[in-house]
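>>> pasting the sequence and the predicted coordinates here, then a few questions.
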Amino acid sequence: MDQPLEQRLQDTLGPGYEVQQELGGGGMSRVFAAQDLSLGRSTVPMASTVRPWRLRWAMIGMVWVLVLAGSFLGWKRMRGSSISLDPSLVAVAPFRIASADPSLHYLREGMLDLLASKLTGEGGLRATEPRQALTAWHAAGGSGQADLDQNASVEVAERLSAGRLLLGDVVGTPTRLLLNVSLLEVPSGTQLARVSAEGPPDSLARLVDEVAAKLLSAVAGEASERLPRLMSTSLPALRAYLDGKAKYRRGEATAAAGDFGRALDNDSTFALAGLALRMAAVWYGDNAAADRGLRLAYQGRGRLSARDRALLEAVGGPRYPASSSSIEDFQAKRRYLNLAPDRADAWQLYADQIFHFGTVLGYLRPPHDALEAFRHSLDLDSTNAVAFSHVLLLAVQEGDTALEHRVVRLSARIPDSASSGWLTEYHWYQAHQVGDSATYLGFRDSVRIDRQNMMYRFIDHALYNGIGMEDAWYSVQSMILKAPIKEARRNFYGLAQGLALLRGRPHDAQAYLVQQYADPDDPGLQMSAIRDAMMANGDTAAARRAAGILRRLEDQSPADSTKREQQHQAVRTMEPWRLARGDTSRTRLSLERLRTYQRGQKQPSTDTEVEIGLIQAMYDHLLKKPEMRHSAERLDSLLAATDYRAANVGRYALANVVTGLIFETLGDPERAFAAVRRRAVWWTQYQPYLATQLREEGRLAALAGHRDRAIESYRQYLALRTNPEPEMVAEVEQVRGELRRLAQTDSR
């Protein structure tokens, strides 16, 4: 512990480690340089060591071509005999553009989005989801330049189960814009209606409204009177929005968000653009843009169709602008899916919630169920690049090689800027799965150059299923050494602290914890030290020192709101610490202080309610009071109703583990198991107590009769404990022994 931390890092990384100061330096290993991540995009020859890999992919590609060709021929034979057509569903084909003005070409695909926003079902016609329609149209031979003839277009509509087909063209001059639309019956091709609308170029939104109203009137009498009042917007806003939709389909979320933002700059009432901005910005983590999009979409919600209002609730939460629990968010996504089962984004949002919060929602096998929902999304829209990264991870994990290869092929069709990150991650993950150490060590070594994003992906995977824990550890230490000043290193020290606890090295974790704070008496440092000792066998000497500092803070008379908040934090940390050690001397005082603090808040805090519930439950459990079941159930309901996107990882891990232990005492291992496994997945790179949760999850799963889940939890625990300190070895060996016993029982 006396050795300088930087020297200890150098020792861990090895004597040959040198930090590369130039991005073009030679630190990237030959193995990494040899990886072919192009998926056919590059013509640069690869090293001979990877040729068999390419040969395998070429053979797989040939097989898939034959399979797809056979499937298409089979469909052709069966066409007309087994497909049920929906007469209210209309397939919209890309419009022909008859104009010398190239600026109008965006309407070729853009008209699909415009008409889909108008034909929503309320008036008698519902447009097919634009991405689904485009996927089928391209598969039949259509392109950005080539149109399909009428018969081929009818066949596309039939494949989409649409009983109607809409064909149209745009005729443009510098001063006039003419929209011509024909509605055909499927499969006969009989024309049911032909309508048109004409006006100046800046009246496009009004012209689309007019076309929609005429179509609805033609097929449903007075249906035009029921046409919902939808928004109109300026031409620049509309063009930016449609450009963004096209980019988002290709997975270019950052560029798409820029377009949606420009649309809102032109028209802040453009609610659909706000929704689109929210979804794109969340994808790449721009919270400010996402919040702006959601706020403007909510303000304009009266102009959205019923299905788009359901989408608004699905992405913003049913309580917006207040926060919603993870369960409420899931229910909103399920409602949207029920209203729009033909929309790829409905399935994707539903799948994503299961992926991230499946254990909170009570799913026993979240990866399996999330993958099934993601599969539905891809079936509806094979260009739904937003889902690709999660689908690749889940397909490899679940052993679905057909889906894995399908997504890799689909990724090759979208820009490198959208796919290179997750394909690199996929090849690293695949190398770990097959035990190709040369390859994954090459990826690990690449972090030395300038691949901070890969460091975060290593951590995500390690926390998700334990794979790549040493890669995560190595890359964080590499980043610490690369950071030019201590201030820049503090974030990496925090990651290193959490990973050290997971690896079973609490004394190392304490050293990294101290490095994060300029003041050794900082209350935040003391609170972390105490929770580390309670939940992860942390440094007990450091915890005792921290308790002394926080005890003085508890006893002070706070002079201002900042001091009151610090005292509140000290109380919520210290009282569980005392109760865990059997000390109830200050429990009543602590509860009264927290309740007084809660009453003084303008908006009651869910976190404070959980803290009060935790202390009361621990107190009743310690004293075996008759109220123990009631207090445990109240705490459990509070924890179930939490928004785990925003929950403090450390405090909620403690509360859920305590809840599980109390339900175990009450003879309810099923409810205990459900409590200890509640956590967000792939949501944060800091989960310092995950190993403790996994150990308890495995033990309680076995008690509740979920042997497979117990085995899975224990295996992930052991994958995290890569280099435990001597005092942690006994716990690791105990888990290893329990895993052997379960595996032997399972094999009989």
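Happy to help now that I have it. Numbering: from 1, shown residues only.
>>> residue contacts, residue 329?
314, 317, 318, 353, 357, 643 (C-beta atoms under 8 Å, 6 or more residues apart in numbering). Where C-beta positions appear, they are placed from N, C-alpha and C, glycine not excepted.
>>> run the chain-centre distance for the helix or strand where the fifth one lies.
Right, the one you point to is residue 357. Per DSSP states H and E: residue 357 is located in helix 344-361. Here helix 344-361 is found 8 Å from its chain centre; the criterion is C-alpha atoms, centre = their mean, to the nearest Å.
>>> contacts for whatever helix or strand comes next after it next, please.
Going down the chain from helix 344-361, the next helix or strand is helix 366-380, by DSSP H and E. With contact meaning C-beta under 8 Å, 6+ apart, helix 366-380 is reached by 129, 131-132, 342-345, 347-348, 350-352, 354-355, 358-359, 363, 384, 387, 390-391, 394-395, 397-398, 400, 403, 406-407, 410, 681.
>>> read off the pLDDT value for the residue of the chain most remote from its centre.
In the chain, the greatest distance from the average C-alpha position (C-alpha atoms, centre = their mean) is reached by residue 175, at 46.0 Å. For residue 175, the pLDDT comes out at 85.
>>> surely it meets residue 202?
No - when contacts are counted by C-beta atoms under 8 Å, residue 175 is not listed as touching residue 202 (10.6 Å).
>>> for the helix holding residue 357, give the mean pLDDT please.
Per-residue pLDDT values over helix 344-361 give a mean of 95.
>>> quick one: average pLDDT of the biggest strand by length in the chain?
Longest strand in the chain by number of residues (criterion: DSSP state E): strand 162-172. Mean pLDDT, strand 162-172: 93.
>>> from the middle of its chain, how far away would stretch 477-497 be?
26 Å.
>>> mean confidence for that stretch?
Summarised as a single mean, pLDDT over stretch 477-497 is 87.
>>> now do the buried residues in that stretch.
Neighbour-count burial for stretch 477-497, counted by 16 or more other C-beta atoms under 10 Å, picks out 477-483, 489-497.
>>> try stretch 732-748
For stretch 732-748, the neighbour count (16+ other C-beta under 10 Å) marks 732, 735, 738, 739, 742 as buried.
>>> same check, this time on stretch 597-615
Residues of stretch 597-615 classed as buried by neighbour count (16+ other C-beta under 10 Å): 597, 598, 606, 607, 608, 609, 610, 611, 612, 613, 614, 615.
>>> nearest residue to residue 591 other than its sequence neighbours?
Excluding the flanking residues, the one nearest residue 591 by C-beta to C-beta, 6 or more residues apart in numbering is residue 615, at 5.9 Å.
>>> where's the one you found, which helix or strand?
Assigned by DSSP H and E, residue 615 falls within helix 606-622.
>>> that helix packs against which elements?
helix 561-580, helix 587-599, helix 628-640, helix 649-665 (3 or more C-beta pairs under 8 Å, 6 or more residues apart in numbering; DSSP states H and E).
>>> which outside residues touch it?
Residues outside helix 606-622 that contact it (C-beta under 8 Å, 6+ apart): 568, 572, 575-576, 579-580, 582, 584, 587, 590-591, 594-595, 597-598, 601, 625, 627-628, 631-632, 634-635, 638-639, 641-643, 647-648, 651-652, 654-655, 658-659, 661-662, 665.
>>> re the thing from before, count the neighbours of the closest residue in space to the residue farthest from the centre of the chain that isn't next to it in sequence for me.
Setting aside the residues directly before and after it, residue 175 is nearest to residue 200 in space (C-beta to C-beta, 6+ apart), at 6.6 Å. Neighbour count for residue 200, taken as other C-beta atoms under 10 Å: 13.
>>> cool, residue 398 as well?
Residue 398 has 16 nearby residues by other C-beta under 10 Å.
>>> so which bits of the helix holding residue 357 are buried?
For helix 344-361, a neighbour-count test (16+ other C-beta under 10 Å) marks 344-361 as buried.
>>> the inter-axis angle of it versus helix 366-380?
Note on geometry: by axes from the mean of the first three to the mean of the last three C-alpha atoms, to 10 degrees, helix 344-361 and helix 366-380 are set 170 degrees apart in direction.
>>> and helix 344-361, what does it pack against?
Helix 344-361 sits against helix 306-316, helix 326-339, helix 366-380, helix 388-398, with contacts defined as 3+ C-beta pairs under 8 Å, 6+ apart.
>>> mind running it again at 7 Å?
Packing partners of helix 344-361 (3 or more C-beta pairs under 7 Å, 6 or more residues apart in numbering; DSSP states H and E): helix 326-339, helix 366-380.
>>> so how far is the shortest one from its chain's centroid?
Read it as helix 326-339. On C-alpha atoms, centre = their mean, the centre of helix 326-339 falls 15 Å from the chain's centre.
>>> before I go, just wanted to say thanks for your time.
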